[in-house]
Every structure is written in structure tokens, then in C-alpha cells.
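S.K.: Following is a predicted model, sequence given first.
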Amino acid sequence: MDAKRFLFVNLAIDGGYQGVHHGIANLVPIVRRFGYEVQALNLTTHLATDAFLTRVADYAPTVVGYSLTSLQYNYLRAFSTALKSRSPQILQLAGGTGATLEPDRPGTGVDGFCVGEGEAPLAALLAALTTGNNPTTVDGFHWHRPEGIVRRPPPCFDRDLDAFAFPDYSVFDPDTVVFGSDHALSLILSRGCPYQCTFCSNAALRGVYDTTRGYFRTPSVDYAIRAIQHQLSCYPRTRFLHFEDDLLIARKSWFGEFAARYRAEIGLPYRMNVRTECLSPEIVDALRTSGCVMAFLGVESGNEAYRRSMLKRNHTNQQIIERSGLLKRAGIKLFTFNIMGFPHETPEQMQDTLTLNRQIAPDTGVCTFFYPFPGTELYDLCLRDGLIPPDDGSTQPTNYNTAPTILRTPAERHACVRMVMRLRRYLYRQDLRYKWQTARPKRSGIGALFYLARLWLFFLARAYVSQNAQRRLHDFCLRSPLLAPFARRILQGVK
């Protein structure tokens, strides 16, 4: 009997994120339960279609499962159609937010688009394949057939996260699982977000289900602690944890209990996302005492009226200033998320975002361009107002870091890019200042000068080299046997 092989493909090419894919890691135990060998291609830099086909052929899978956001559809189209032409016997699936938000998108070689969370649909599909049943009867997929699309509704999302097996990251490069000079391990414990920002895909993702009641879920604290302990046993060189949950502090009582258990049973420093409405002296104290050393706070827009009316983020600028001050006084490094180029956003409103950041004085942060994710309220607004560029296959961005993504006049586009670069350079200077102030007491003489030179080199690269070029140079250096030792030395403590 031929071996059953399942190949996951994480499409994150020039996407700005180079870590593991948590959704794939959650599905690996299910695939293995059905007797499949499993591998993953974690594609973060450009790969020619012929090279992709070669890598697939080397593994000889029976099933290929892509995960993607809407930003990666050009690569999905190119890879899947070429693979369908060369190896039509391979079952091709697509999942992730891109597949969920646009499951009927034409022009690919994908057989089935998974809608919603993948655990239950994938288990049902693999069971059908094992027994020889027709896969197009499996719920949770839109099946693209020659005669048309067969749409099967998604089953209800799993409410009990404790019922899941722990994620399996073994299909990823160990240096991707535990990354950086701080030996960080990235995890997600919860599902969903309780808020409904108009630019975020969370509301659209929950909207595919018949009911959204209980969509935001946390596991039991006991399960969460055991899940962390399990991953630490698999990756014992971990010295730092990065929680990528949308908002792990949303439930105050749950987080209070988790923080106490984490401090007693895990004890590693960590970073996580926070939100203005959820920050209180009690939550900040729980963050501080449990080992949180860095908090990611979404400012997004610094214009209070625009933020309320267009983004459905109802906190005030004064609340942002006060709550971020709680974090800074607790000694927690503050990172801000910012977005510019929203529909009908003026240069003056963008300036308000820079001004608010200067009032907050974060230690670091990012500023990206708005991207209209399909299914979101702002996507519908952009579609209504003629702001969505034509999908001609050549202008589709792969990330929201490089340039404005909605139609603007040349003057508006220039003003948007200029404001984004102003805020980025301010945040980069803040980052340089924080790292130098933190490291200076520990260094002296030539060592201090060498570190300062590396900081400035890193600052200049971030401020004046395009982000796509930065990522490609970073990947090239770290993959080169000759350059990797020098690159790691230069990046240590500055990245």
C-alpha cells in the first residue's frame, strides 16, 4: 500500500511574518491520527513555481493543504494550478483566513476551501478518504468541481479547547520554533477576539457560523499551563515566551488565575497583546508579577473621532495615554501597533496618530498601511466607494508594510507614505533609545561602542531600506553557512 503523505504549505511570502503557523501545528495531530506522514513548507520568501513543484515532488504527497491570508492569493493561484496540471491526482486543500473569507474565488487548482476552523472538517474529510466516501459530502468545505461549486456549511466551532491535542510544531524548523537571541517560543492558547474592529477579519471569521455566541474562547487554566509545559519539554532551550493570542487578558478572572499559576509553575519572561479597555491596575499588576516584560498595544488611529466612527474602537485618547502609562510605570516595555491609509483618512488625521504616539512615548512599535480584508466592514466600504484596485494578478500586494493598498490620488498616496515613514522613524528611534539605555549599564569600552554601532546600523536599515528587501537580506544571510555566524552576531541584542 502506498504511503499516505500530507504536505502543509504555509503561504507567507514577503508577508512580514517569519514564524511558525499555529493553525497548521493544531492540525498536525489530526493528520497523524489518520496514519499520514506529515511535512510542512514554511514559505516566507519568493519561490518560483518550478521550484515549488520540485519541492512538492520530492515529498510525493497525496494531499497538499495550503494556509493563507487574502494577501497570498497570487501565489496560491500560481502554485495550485501548476500542481493540478502536473499532478492532478493530488488532493489540494486551502484553509486559513484567506480561504474562509473567499472560498469561492475562481482561478485556482484547489479542490476544497475549508471555511472556518479546520479541526472538525479536516478530521471528517480524512475519515471519508479512509473509508472511500465522497469527500464533497464533508461539511466545512467549498468544493470546486467542473460542474460548479459544492458549498457545505461549516460545523459549529469547538467550544471546549481542552478537548484538543496540544499543537505539534515538529514539522517546522527548530530554529523557527525557538527564535531570536532571547530563544523565544511563540504560542496561542485562546481562539478569537471579543471585539469587532471594522478593519480586522475576526468579525468576518466568526460570521461564517450560524451562531457567534461563545466564539471567543479560552481553555481552562489547567490546560493552558499543561500546554505550555508540554511545549517547553519539547523545546527545552526556550528562555522566553511570546503569546500571539489576540487578547489573552480579555477575561479578567481567567487571566488573574492564569498569571498566578504561570508565575509559580512556568516563571519565564513573556510578551503579549493588550487592549486599552482591558487594562486596569489589577491586570497590569498581574502582568508585571507574572513576568510580562513587553506589551503590544493597538493604537491604530490617533484621531479619536475617526477611530470611533470608522473603526469601532470606542476608547478615548486620554484612556490610551493613561493605560499605556500604567504599563510603563510597571516597567513593561510598550509596543504600539499603528495603521495609516484607512479609507477617506486625511493627512491631518494621520498626523494625529503620530502626535498620540509622541504623547505615549512607546519604547518601540510598527506602522503599517491599511489593507481591506474581504468580509470586513471596511472592505465593503472600500468596494462601495470604488477604492479596491482591480484584481489583474500583477498588483496584488503580499503584505501591508510596503505601500498603500487602496486606490488614492498620487498626492494622497504620497502624503500617506510620507506620514507612515515619519511615524516609523520615530518608533525606530524610540527602539534604539530603549535598547541603548537598557544595555549601557552592562557594557563598557569597545564593547559598548560596537553595540552602539550595531544599533545604528540596524536603525538605518529599518528606516531607509524597503521592508521586503530587509526580509530577503535577513533570510539570505541567516541561510548562508558563511554569513550566518556574522549575521547572528550583528543581530544579537539589536533585533
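M.R.: Arrived safely, thanks for sending. Numbers count the residues shown, from 1 in each chain.
S.K.: what number of residues lie near residue 263?
M.R.: Counted with other Cβ atoms under 10 Å, the neighbours of residue 263 add up to 13. Heads up, the C-betas are built off the backbone N, CA and C, glycines and all.
S.K.: again, but for residue 217
M.R.: Neighbours of residue 217 using other Cβ under 10 Å come to 14.
S.K.: before we move on, what about residue 461?
M.R.: 14.
S.K.: Could you pull up the residues touching it?
M.R.: With contacts defined as Cβ atoms under 8 Å, 6 or more residues apart in numbering, residue 461 is in contact with residue 470.
S.K.: Tell me where the stretch 101-250 of the chain has strands.
M.R.: For the stretch 101-250 of the chain, applying DSSP state E, counting those that start in this stretch gives strands covering 112-114, 141-145, 148-151, 178-179, 184-187, 240-243.
S.K.: can you check the stretch 351-495 of the chain too?
M.R.: Going by DSSP E, counting those that start in this stretch, the stretch 351-495 of the chain shows strands at 364-369.
S.K.: Find me the pLDDT at the residue sitting furthest away from the middle of the chain, would you?
M.R.: Most distant residue from the mean C-alpha position of the chain: residue 445, 39.8 Å away (Cα atoms, centre = their mean). At residue 445, the pLDDT value in this model is 80.
S.K.: Let me know the distance separating it from residue 453.
M.R.: Noted for residue 445: a distance of 13 Å to residue 453, by Cβ to Cβ, to the nearest Å.
S.K.: and if you look at residue 421?
M.R.: The value you get for residue 421 to residue 453, if Cβ to Cβ is used, is 24 Å.
S.K.: isn't residue 208 right up against residue 117?
M.R.: No: using Cβ atoms under 8 Å, residue 208 is not in contact with residue 117; the gap is 9.5 Å.
S.K.: shared neighbours of these two, anything?
M.R.: residue 154.
S.K.: averaged over its residues, what pLDDT does the top helix by length along the chain have?
M.R.: Identified as the longest helix of the chain according to DSSP state H is helix 410-439. Average pLDDT, helix 410-439: 95.
S.K.: What is it packed up against?
M.R.: strand 333-340, helix 347-360, strand 364-369, helix 445-464 (3 or more Cβ pairs under 8 Å, 6 or more residues apart in numbering; DSSP states H and E).
S.K.: Just send those back as JSON lines, with distance to residue 272 too.
M.R.: JSON lines is the format used below for those (distance: least, Cβ to Cβ, whole Å):
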{"stretch": "strand 333-340", "distance to residue 272": "10"}
{"stretch": "helix 347-360", "distance to residue 272": "18"}
{"stretch": "strand 364-369", "distance to residue 272": "15"}
{"stretch": "helix 445-464", "distance to residue 272": "23"}
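S.K.: Return the most buried member of these.
M.R.: The highest average neighbour count among the helices and strands packed on helix 410-439, using mean count of other Cβ atoms under 10 Å, belongs to strand 333-340 at a mean of 22.
S.K.: Could I get the CA-only coordinates of it as PDB?
M.R.: What follows is strand 333-340, C-alpha atoms only, in PDB (Å, rounded to 0.1, in the frame of the first residue of the first chain):
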ATOM      1  CA  LYS A 333       8.100  47.700  27.600                       C
ATOM      2  CA  LEU A 334       5.400  49.300  25.400                       C
ATOM      3  CA  PHE A 335       5.000  48.400  21.800                       C
ATOM      4  CA  THR A 336       2.300  50.200  19.700                       C
ATOM      5  CA  PHE A 337       0.500  49.000  16.600                       C
ATOM      6  CA  ASN A 338      -0.500  51.700  14.200                       C
ATOM      7  CA  ILE A 339      -2.200  51.800  10.800                       C
ATOM      8  CA  MET A 340      -2.400  54.600   8.200                       C
END
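S.K.: hmm, back to that, so residue 208 and residue 117 - more neighbours on which side?
M.R.: Set residue 208 next to residue 117 and count neighbours by other Cβ under 10 Å: residue 117 wins out with 25 against 18.
S.K.: Count the neighbours of the residue nearest to the more buried one when sequence neighbours are not counted for me.
M.R.: Nearest residue to residue 117, sequence neighbours excluded (Cβ to Cβ, 6 or more residues apart in numbering): residue 157, at 5.3 Å. With neighbours defined by other Cβ under 10 Å, the count for residue 157 comes to 20.
S.K.: who are the neighbours in contact with residue 157?
M.R.: With the criterion set at Cβ under 8 Å, 6+ apart, residue 157 makes contact with 116-117, 191, 209, 215, 217.
S.K.: would a markdown table of the residues you listed with distance to residue 457 be doable?
M.R.: A markdown table is the format used below for the contacts of residue 157 (distance: Cβ to Cβ, whole Å):
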| residue | distance to residue 457 |
| --- | --- |
| 116 | 45 |
| 117 | 43 |
| 191 | 40 |
| 209 | 49 |
| 215 | 45 |
| 217 | 44 |
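S.K.: what's the closest of those residues to residue 152?
M.R.: Distance to residue 152, by Cβ to Cβ, is smallest for residue 116 among these, at 11.1 Å.
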